[in-house]
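**Student:** Next input, structure requested:
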Amino acid sequence: MINVLAAQNQGELSAGLKTVGAGIVYGGAAIGPGIGIGIVVGNAISAMSRQPETAGMVRTTMFLGIALTEALALFGFVLSFLLKG
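**Tutor:** Here you go, the predicted model:
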């Protein structure tokens with residue numbers, strides 16, 4: 001009887017650790033892109049304030065940089081599901 005309960009607890013422990021691991025992976029994957037997007041937008045605002053005539057080109061490049069940086073967060077989100085799966 002004790003061995004059956006230990007096996008059930010082991011399965012619950014394994015599932016719990018997978019969930020915690022998935023949360024840590026996604027949390028870590030969200031930190032980098034968050035910092036990256038802040039840097040991209042900050043530099044774009046600085047560039048647009050220095051040369052307003054290039055604002056259109058800088059804005060387009062900024063949105064491309066944001067999209068590519070955000071893709072890293074999505075990869076981390078998918079990886080957290082794969083680890084949990």
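**Student:** nearest spatial neighbour of V41, skipping sequence neighbours?
**Tutor:** M62 (6.5 Å; C-beta to C-beta, 6 or more residues apart in numbering). Backbone N, C-alpha and C define where each C-beta goes, glycine included.
**Student:** Which strands and helices lie in contact with the host helix or strand of that neighbour?
**Tutor:** Per DSSP states H and E: M62 is located in helix 55-84. Counting contacts by 3 or more C-beta pairs under 8 Å, 6 or more residues apart in numbering; DSSP states H and E, helix 55-84 packs against helix 2-50.
**Student:** where does the helix it packs on sit relative to the chain's centre, distance-wise?
**Tutor:** How far helix 2-50 lies from its chain's middle: 6 Å, per C-alpha atoms, centre = their mean, to the nearest Å.
**Student:** Just the angle for that helix relative to helix 55-84, thanks.
**Tutor:** For helix 2-50 against helix 55-84, the angle by axes from the mean of the first three to the mean of the last three C-alpha atoms, to 10 degrees is 180 degrees.
**Student:** Give me the neighbour count for the residue nearest to V41.
**Tutor:** 19 (other C-beta atoms under 10 Å).
**Student:** Contacts only, for it.
**Tutor:** Counting by C-beta atoms under 8 Å, 6 or more residues apart in numbering, M62 touches 40-41, 44.
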